[in-house]
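here are the coordinates; sequence isn't available:
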């Protein structure tokens, strides 16, 4: 047992994550040295590739959009005391929802079809999360186990549907026909072009603004709304919730529904914003990255946006790095990401102690 | 004087809070030394420094005359200091022997260590007259016996100096007496005991010397024989305190809460309340006396709507509560409010800022926000006002709930419930872990509430409190109501018999 470590809020929310990221980069640098490459060159390439060019920045922000949605999804569940690691499955089902809406209502104009597609994503993601939520609330089946199982179910279900049901007959690939063109969310370079500004083309699309709006919405929900209050009471103290007349079972289901709907944003960005059809494995493991993002962002929307940017840089810069320096493979980049997750998530307590130790005492006293 | 422990100029700050100010303390070997003070006076901090949970910012600790550096509990154990915490640090599914050897197994294989521990425990039991079955599962033992296991753990690790933090808070009077016997036995064997408590009666009964702390300072150290409870109380609070509440006789009004044949089972299906029937009238305090764990908690929870009764009925203001409306939300709307027994697990959310804890149970009130959004400014303003009325210290609504002392947390809960003008107030253990100054305040508030026509059901394990506040007293034993007395016509002995299950019919 040791004394609780009290830090000023700014140190807790900014300094500790920053220190852990720096430490993670140092260790990752050692790994790069270990395979005989220059870590400084690698860092330069990573930053150059993700932030140095307009195109690179576009891709970085595209990934960031994905990570904001899944990070928020994990965070909302986390505030209710739940560990939703089913973001992959929920986003996959959300993709199905999008495909069903868009390809069946092709006659609608874009201004109606796009919101309906987004709602379809949210509804399917929510429904897929609601089942584990219900099982947790009413039967006590642990949500970690059930959400993992639901990831597999989603993955197998989508294979079956794409191969046997939704595939266009003449197409050899397991994918749906393209969505109707009016349902495509505009690329950012198209929007800018409309105003006469030329920016490099990338996958980045308007969904980024939806993600930022979702981050604001989650902040409002969790920290300012009556429902968010109830969610946090359940997450912090289930007995206090019962005393207060808040039903933990109801809140668990509600939180999972919101969480699943947010995970659906990943499908909106990837499918409506970029691929314009439903295909296999578009989630690419981002649902799991969301756990790291939420942990690193301390389940706070601002932290999640910042952590998403960091992971966006890592993903985009990492891809460039693997391309420029073949010795550093894609797998190495995953290792570096893993180190950051380990340091930011699991070893956070270590860095809290370190920060508390090196911080001048008067600074602590003032807080 | 032969000192066991000397604390010299100990100073400790937590942020803006100066928890220990230049504290000096000298504890003689082979004595029982009491430390009293209100919650937040710095007793626990001082003992935590002594036991290595915290490090002092400055000052010196001497054990047996030698300066030592205690940076962790392991260091403390090493220099012969043992601690028995208020909340036991035991592994319930393990046996007594296994608990004692935990952390001192003496090698990767348990058998050798176990034999050694058993031999040592036998010796300790003989020396101090501690009767305990070393193979019993700790979870099956009574609270009093679990505490003995904690003491044995400390003694086994070679403790010469034993710190006990509020040891009687969880004990029945008989168990407390047995503990005091044990402490005296330890003293005759040359051990030194430091007893932290806020119960002055215990200080008078068992200690040799007593030190009083107030607001982080050590204000006095006295020979117990030369002092008295009123003097100690005055030293603790810094002013004169009324140890008895003054109240006038009052005629109760109309029946408000009528309970008939209520039976309640707990989550494991055990019957905890059996056929309880009673009525609470407007303007009276009905006390429920009983040893903790005899169904009082379940009764309160059932009345508050948190637990569905299996049998019986509850009528509020003449209206029967339908089963499907028997929930905390509906009961609150009717005007039945509840100060729960366990403020940390139920009454508040310790991780929340105080102003959020101060709306627990009322987060749906329209006036607290606009539509689905809560108005934080309004909530803060609301609590600022209540903190002033209830003298909550520090008056900082944005401070985290867990940073307030027990008494101030309780005032936050009381303010939240009382200021919503209840018709009936259920009150569980209103002064548990609350300092003397706050107890006086809380008692006065409850009496004022009664005089304003509120019906109050008071559950407390402090018989003094029940007798001082109640107009009528019900006793509970084994889930049954074993008797009813007018407070003015009963004695502690009389109630003690009823609490032990000796009913009027049997007597």
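Looks like it arrived, so ask away. Everything numeric in this text was worked out from a predicted model, so none of it was measured.

tell me the pLDDT at the residue in the stretch 151-300 of chain A that chain B sits nearest to?
In the stretch 151-300 of chain A, the residue that lies nearest chain B is residue A:245 (3.4 Å; C-beta to the nearest C-beta). In short, each C-beta sits where N, CA and C put it, glycine included. Listed pLDDT for residue A:245 reads 95.

Can you give me every residue that contacts it?
B:305, B:327-329, B:332, B:361 (C-beta atoms under 8 Å, 6 or more residues apart in numbering or on different chains).

List buried residues within those residues.
B:305, B:327-328, B:332, B:361 (16 or more other C-beta atoms under 10 Å in any protein chain shown).

The residues you listed also near chain A: which ones?
Contacts with chain A are made by B:305, B:327-328, B:332, B:361 out of those, judged by C-beta under 8 Å from any C-beta of the partner chain.

Nearest spatial neighbour of residue B:175, chain-adjacent residues omitted?
Leaving aside its chain neighbours, residue B:175 sits nearest to residue B:144 (3.5 Å; criterion: C-beta to C-beta, 6 or more residues apart in numbering or on different chains).

who are the neighbours in contact with the one you found?
B:171-172, B:175, B:178-179.

Figure out the helix or strand that it lives in.
Assignment of secondary structure by DSSP states H and E places residue B:144 within helix B:143-156.

Quick check: buried residues in that helix?
Residues B:144-156 are the ones in helix B:143-156 that count as buried (16+ other C-beta under 10 Å).

quick one: which of those is nearest residue A:153?
The nearest member of the buried residues of helix B:143-156 to residue A:153, counting by C-beta to C-beta, is residue B:146 at 46.6 Å.

tell me the pLDDT at that closest one?
88.

So it sits against residue B:88, correct?
Yes. Judged on C-beta atoms under 8 Å, residue B:146 makes contact with residue B:88 at a distance of 5.4 Å.

Which of the contacts of residue A:245 fall within helices?
Counted as lying in helices by DSSP state H, out of the contacts of residue A:245, are B:328-329, B:332.

For whichever residue of chain B sits closest to chain A, which non-adjacent residue is closest in space?
Residue nearest to chain A within chain B: residue B:328 (3.4 Å; C-beta to the nearest C-beta). Of all residues not flanking residue B:328 in the chain, residue A:245 sits nearest, at 3.4 Å (C-beta to C-beta, 6+ apart).

Around chain A, pick out the residues from the stretch 1-150 of chain B.
So far as C-beta under 8 Å from any C-beta goes, the stretch 1-150 of chain B lies against chain A at B:13-16, B:48, B:53-54, B:72-73.

rerun at 10 Å
B:13-18, B:48, B:51-55, B:57, B:72-73, B:85, B:89 (C-beta under 10 Å from any C-beta of the partner chain).

Which pair of the contacts of residue B:144 spans the longest distance?
Farthest apart among the contacts of residue B:144 - using C-beta to C-beta - are B:172 and B:179, which lie 10.5 Å from each other.

more neighbours, these two?
Between residue B:172 and residue B:179, counted using other C-beta atoms under 10 Å in any protein chain shown, the more crowded position is residue B:179 (22 against 18).

ok, residue B:332 - contacts?
A:244-245, B:304-305, B:338, B:361-362, B:364-365, B:417, B:420, B:422 (C-beta atoms under 10 Å, 6 or more residues apart in numbering or on different chains).

So which of those is the closest to residue A:82?
residue A:244 (18.6 Å).

gap between the closest residue to that closest one other than its chain neighbours and residue B:413?
Excluding the flanking residues, the one nearest residue A:244 by C-beta to C-beta, 6+ apart is residue B:361, at 4.1 Å. Using C-beta to C-beta, to the nearest Å, residue B:361 is found at 10 Å from residue B:413.

anything in contact with each of these two?
Listed as contacting both residue B:361 and residue B:413 by C-beta under 10 Å, 6+ apart are B:338, B:340, B:346-347.

could the residues you listed go into CSV alongside pLDDT and distance to chain A?
Listed next are these as CSV, based on pLDDT from 0 to 100; distance: C-beta to the nearest C-beta, whole Å:
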residue, pLDDT, distance to chain A
B:338, 96, 7
B:340, 95, 6
B:346, 93, 4
B:347, 94, 7
